[in-house]
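J.: Fold the following.
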Amino acid sequence: MLEQLAAIVGKTNVLTGAETDPWISDISGMLSGSAVAVVRPGSVDEVAQIVRLAAALRLPVIPLGGRTGLTGGGIGDNALVVSLERMAAIREIRPEAQVAVVEAGVILADIHTAADRHDLIFPLMFGARGSARVGGFLGTNAGGSNVLRYGNARDLVLGIEAVLPNGEIVDLMSGLHKNNSGYDLRHLLIGSEGTLGIITAAVLKLKPKPGAYATAMIGMQRLSDALPLLNEVQKATGGMLDAFEYMPDKYVGDYLTLGDRQGTPHRLPFDDRYPVNILLEIGALAPRDCAPEETGEIPIVTYLEDLLGRYLEEGRIDDAVVARNEAQRQEMWARREAASEIAGLWPHRVTNDVAVPVDQVEAFLTRADKTVQDVDPGATTSVVAHLGDGNIHYTVFPTSGDAARKDRIMERVEDIVSDMRGSFSAEHGIGTVKLSSMSRRKDPGALAAMRAIKQALDPLGIMNPGKLLPPEKRV
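T.: Residues are numbered from 1 along each chain as shown. Purely as a prediction, here's the structure:
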């Protein structure tokens with residue numbers, strides 16, 4: 001088998017033994033597996049040949065991107081790991097059509113850089129953008145901070161190329177905005193976590209680059225007062241609100257602790273501490289909002305300062321700081337994007353990536369905090385939320401690493417989410433970590449349909465087995 005793989009991709013691109021170590025654990029270091037080999041194809045044809053060989057040998061295949069997943073979707077045992085890292089070409093940027101044609105191994109930040117040269121953006125934005133790759137963030141239908149305005153990864157894709165479990169190449173790279181010609185296999189493969197095939201390329205939507213950003217940190221007493229602010233800013237700006245992120249005071253305190261541990265002291269957003277901290281960002285496009293005035297002031301920044309000043313006078317918020325330059329803006333975002341590093345301050349954790357209706361976020365947090373203390377008195381939490389879309393990262397740090405206790409915490413949190421008609425997985429995916437959640441919470445009819453699709457496309461069960469779909473219960 002190794003000789004056949006070497007004939008396909010070259011000997012230097014087939015790794016075995018200790019060479020595979022960097023490819024068999026996740027970013028958290030909490031999950032790891034093993035690999036028969038790691039193979040690094042350089043083209044879609046090579047991927048197809050690899051998959052056909054794996055099918056002939058009944059060998060499990062794990063597609064791998066930037067290894068930034070948080071749910072074990074890229075971890076397995078005695079599998080053939082197919083890393084797409086060599087397929088990292090940005091084939092073209094078409095400014096007039098506002099699309100980027102990219103291979104699956106392209107790093108997200110490189111797409112941002114390439115689009116920026118044409119005064120465009122690819123608006124998918126999250127903390128791991130410096131290492132996450134196209135195949136990975138499409139495989140999990142990643143979200144991030146700009147979903148409020150631009151949608152999830154699935155909403156930003158016009159076409160894909162993929163290799164199915166039988167080694168057949170599917171070319172859906174037309175890049176059309178309208179194509180009503182049967183089942184949308186593009187959307188089926190996006191979010192399938194590599195269980196239905198390997199995405200090898202995509203046509204991505206680009207958007208006009210905002211001419212100016214207005215970014216602010218807001219201090220408040222109650223989370224319930226934030227939603228009226230969200231809705232009013234959305235209406236007043238004509239839907240230009242890119243992000244509306246929530247950080248409680250404890251998270252801010254943990255951020256200070258993180259800075260002390262790293263030897264790079266972090267600053268507070270305000271002189272005082274507030275229970276609720278909101279990061280708000282407006283991306284303006286119209287010249288009237290972006291062009292500097294004679295005083296040098298940017299109209300959209302002035303507008304936001306005036307709006308927040310009025311809210312301060314009315315007592316609707318307690319404090320606000322508006323970024324006056326790019327360095328201050330990046331400092332605000334660095335605070336929000338430190339969530340993963342903050343979680344690493346504790347040895348044990350339960351990661352809940354949930355979504356509830358936006359008007360239920362505060363109620364969820366109140367109930368969840370009480371529930372966690374009922375299950376594990378003394379446990380602590382770290383919370384950040386994409387408040388504009390109801391996605392809450394509710395991380396629990398239990399008092400011990402007891403697996404049964406962790407499971408109870410996750411299940412009790414899910415009870416609350418289910419009661420609110422929410423989702424136990426908002427943007428991180430299922431992988432292996434949330435298989436029990438999938439079994440408990442997913443509609444049985446939906447699970448049956450998913451299993452039927454998996455069986456139809458992957459009858460041998462070789463494509464990323466053991467992920468996404470829980471084992472079928474036997475009666």
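J.: Find the nearest non-adjacent residue to residue 429, please.
T.: Nearest residue to residue 429, sequence neighbours excluded (C-beta to C-beta, 6 or more residues apart in numbering): residue 140, at 3.9 Å. Just so you know, the C-beta spots here come from the backbone N, C-alpha and C atoms, and that holds for glycine as well.
J.: Please tell me I have it right and that neighbour contacts residue 193.
T.: Yes. The criterion here is C-beta atoms under 8 Å, and residue 140 meets it with residue 193 at 6.1 Å.
J.: what's downstream of the longest helix seen in the chain, the next helix or strand?
T.: Counting residues, the longest helix found in the chain (DSSP state H) is helix 403-419. Going down the chain from helix 403-419, the next helix or strand is helix 435-441, by DSSP states H and E.
J.: Could you pull up the residues touching residue 68?
T.: Counting by C-beta atoms under 8 Å, 6 or more residues apart in numbering, residue 68 makes contact with 27, 128, 131-132, 136.
J.: do you know how far it is from residue 109?
T.: In this view, residue 68 and residue 109 are 12 Å apart by C-beta to C-beta, to the nearest Å.
J.: ok, how many other residues are close to residue 404?
T.: Using other C-beta atoms under 10 Å, residue 404 has 7 neighbouring residues.
J.: The stretch 251-400 of the chain: strands as residue ranges?
T.: 276-284, 319-322, 350-355, 380-386, 391-397 (DSSP state E, counting those that start in this stretch).
J.: Tell me which of these sits nearest to residue 60.
T.: Minimum separation from residue 60 across the strands of the stretch 251-400 of the chain (C-beta to C-beta) falls at strand 350-355, 25.4 Å.
J.: Now do the domain split for the chain, please.
T.: Domain assignment of the chain by automatic domain parsing yields the ranges 2-83, 90-208, 212-339, 346-429.
J.: can you pull the contacts of residue 203?
T.: 99-101, 157-160, 173-175.
J.: give me that answer again for 10 Å
T.: 91-92, 94, 97, 99-102, 157-161, 172-176, 186 (C-beta atoms under 10 Å, 6 or more residues apart in numbering).
J.: So the most centrally placed residue in the chain, which state does it fall into?
T.: By C-alpha atoms, centre = their mean, the chain has its centre lying nearest to residue 142, at 3.7 Å. With DSSP: H, G, I helix; E, B strand; the rest coil as the basis, residue 142 sits in coil.
J.: distance of it from residue 23?
T.: Distance from residue 142 to residue 23, by C-beta to C-beta: 20 Å.
J.: Likewise for residue 448?
T.: Residue 448 is 34 Å from residue 23, where distance means C-beta to C-beta.
J.: same deal with residue 121?
T.: Applying C-beta to C-beta, the value for residue 121 to residue 23 is 31 Å.
J.: Then residue 184?
T.: For residue 184, the distance to residue 23 - C-beta to C-beta - is 31 Å.
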